[in-house]
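Enquirer: Structure of the sequence below:
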Amino acid sequence: MPPVTGDRIGEVGAYLVGLPSIDWSFSVFEKFSVAAAFSAAAFLCLMFAIFAGSVLAGNWRRSYPLLIAALCYCVLVIGYSIFKVPIFGVRPLLPALIPLIGFMGVQVATIKIPKIQIASIGALLVISMNITFAWITDKAWIPVEHTQDMAKTLQLWKHPHDTVMFYPFYFAGPIRYYYPDLPVEDEIGINIWTIPKETERIKRIFQETSPSIVFLVARCDPETENYQYIRRLLISEIGPETLVQGDNSLTITRYRKTKKDPSAQKKVRVNKLLLAK
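Expert: Predicted coordinates:
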């Protein structure tokens, strides 16, 4: 996740309320004429303005707790992103839409002036339909994370008895969905919240199984300290790393033991004998 900035907050907020759907409508009507595109964009902007203005006419005493709940959730996510780990994004903020939509519904339902209420409902229907069409045609078919590609790559590269480590451990579920034949006995899940204990457990597993090739399938921010610690551990315990596939925060890295030179081993033994004499 990128760090929290003012631009980032504005971008995510605009997406959650459906403002990008105006750009989608503009691009659709632009194929016919520029005038039609500007007319469609202006009409949608008017609908947003009508709905936002009419919401103010509702009964705030009944609906303000829902708005406060949505704002509190957003503030908590922003605070956690600033002081702990960046998690501020569209998907983490989706739960805030539940009380926010409830607030808007209660506000519209409590408008006492019939004409304003009808105009608000009509504007909401137009906005909802446009957001729905924009999402279905432009966003729904695009995968958020390319988990399927990662699973296919792992299936091509992995040989029998190769060890596969998942960072964090729950990322094994999405990979296994597209790679159901992955042997359970070849898996090692990493609990990223107990790295010191996990280090000892991983070393013990390596001593028992002696893997020659280990794949690290990670879903993380590559700059996090725990991820770098696991990388250094695998390099020291197994061998040098090779990036197999990387896509933003999804990576597959292979660690392979290097074959030792028999002549070099023989020289070491001879030197030890000479030193012993």
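
Enquirer: Now residue 242, what are its backbone angles?
Expert: For residue 242, the backbone dihedrals are phi -140, psi 120 (criterion: degrees, to the nearest 10).

Enquirer: i'd like the first residue to be 491 from this point on
Expert: Got it, first residue is 491 now, which makes that one residue 732.

Enquirer: Neighbours of it, how many?
Expert: By the criterion of other Cβ atoms under 10 Å, residue 732 has 11 neighbours. C-betas here are computed from N, CA, C, even on glycine.

Enquirer: so what pLDDT did the residue lying closest to it once chain neighbours are set aside get?
Expert: Closest residue in space to residue 732, ignoring its immediate chain neighbours: residue 744 at 4.8 Å, by Cβ to Cβ, 6 or more residues apart in numbering. For residue 744, the model assigns a pLDDT of 94.

Enquirer: Ok, the one 4 residues further on next?
Expert: The model reports residue 748 with a pLDDT of 78.

Enquirer: what about the strands in this protein?
Expert: 653-657, 677-679, 703-709, 731-737, 740-746 (DSSP state E).

Enquirer: so what's the nearest residue to residue 559 once chain neighbours are set aside up against?
Expert: Counting by Cβ to Cβ, 6+ apart, residue 559 lies nearest to residue 589, which is 4.1 Å off, once chain neighbours are set aside. Residue 589 makes contacts with 556, 557, 559, 560, 563, as judged by Cβ atoms under 8 Å, 6 or more residues apart in numbering.

Enquirer: Check the burial of the nearest residue to residue 653 once chain neighbours are set aside by counting its neighbours.
Expert: Leaving out its chain neighbours, the residue that sits closest to residue 653 by Cβ to Cβ, 6+ apart is residue 701, at 4.1 Å. By other Cβ under 10 Å, 21 other residues sit near residue 701.

Enquirer: phi, psi of residue 701?
Expert: phi -70, psi 140.

Enquirer: correct me, but it touches residue 650?
Expert: No. Assessed by Cβ atoms under 8 Å, residue 701 is found out of contact with residue 650, at 11.7 Å.

Enquirer: okay, the strands of the chain in a markdown table with distance to residue 715 next?
Expert: Putting the strands of the chain into a markdown table (distance: least, Cβ to Cβ, whole Å) gives the following:
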| stretch | distance to residue 715 |
| --- | --- |
| strand 653-657 | 13 |
| strand 677-679 | 19 |
| strand 703-709 | 14 |
| strand 731-737 | 17 |
| strand 740-746 | 16 |
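
Enquirer: Show me the contact partners of stretch 528-542.
Expert: If you take Cβ under 8 Å, 6+ apart as the criterion, stretch 528-542 is touched by 509, 511-512, 515-516, 518-519, 609-610, 613-614, 616-617, 620.

Enquirer: out of those, which are inside helices?
Expert: 511-512, 515-516, 518-519, 609-610, 613-614, 616-617, 620 (DSSP state H).

Enquirer: among those residues, which ones are buried?
Expert: Buried subset of those (neighbour count, 16 or more other Cβ atoms under 10 Å): 511-512, 515-516, 518-519, 609-610, 613-614, 616-617, 620.

Enquirer: re the thing from before, is it possible to export the contacts of stretch 528-542 to CSV including pLDDT and distance to residue 664?
Expert: Formatted as CSV, the contacts of stretch 528-542 follow (pLDDT from 0 to 100; distance: Cβ to Cβ, whole Å):
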residue, pLDDT, distance to residue 664
509, 85, 30
511, 87, 28
512, 88, 33
515, 89, 33
516, 88, 35
518, 86, 33
519, 87, 38
609, 91, 45
610, 90, 41
613, 90, 39
614, 89, 35
616, 91, 36
617, 89, 33
620, 89, 31
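
Enquirer: now the residue nearest to residue 559: how far from residue 603?
Expert: Shown here: residue 589 relative to residue 603, a distance of 25 Å by Cβ to Cβ, to the nearest Å.

Enquirer: what does residue 695 give?
Expert: Note on residue 695: its distance to residue 603, by Cβ to Cβ, is 69 Å.
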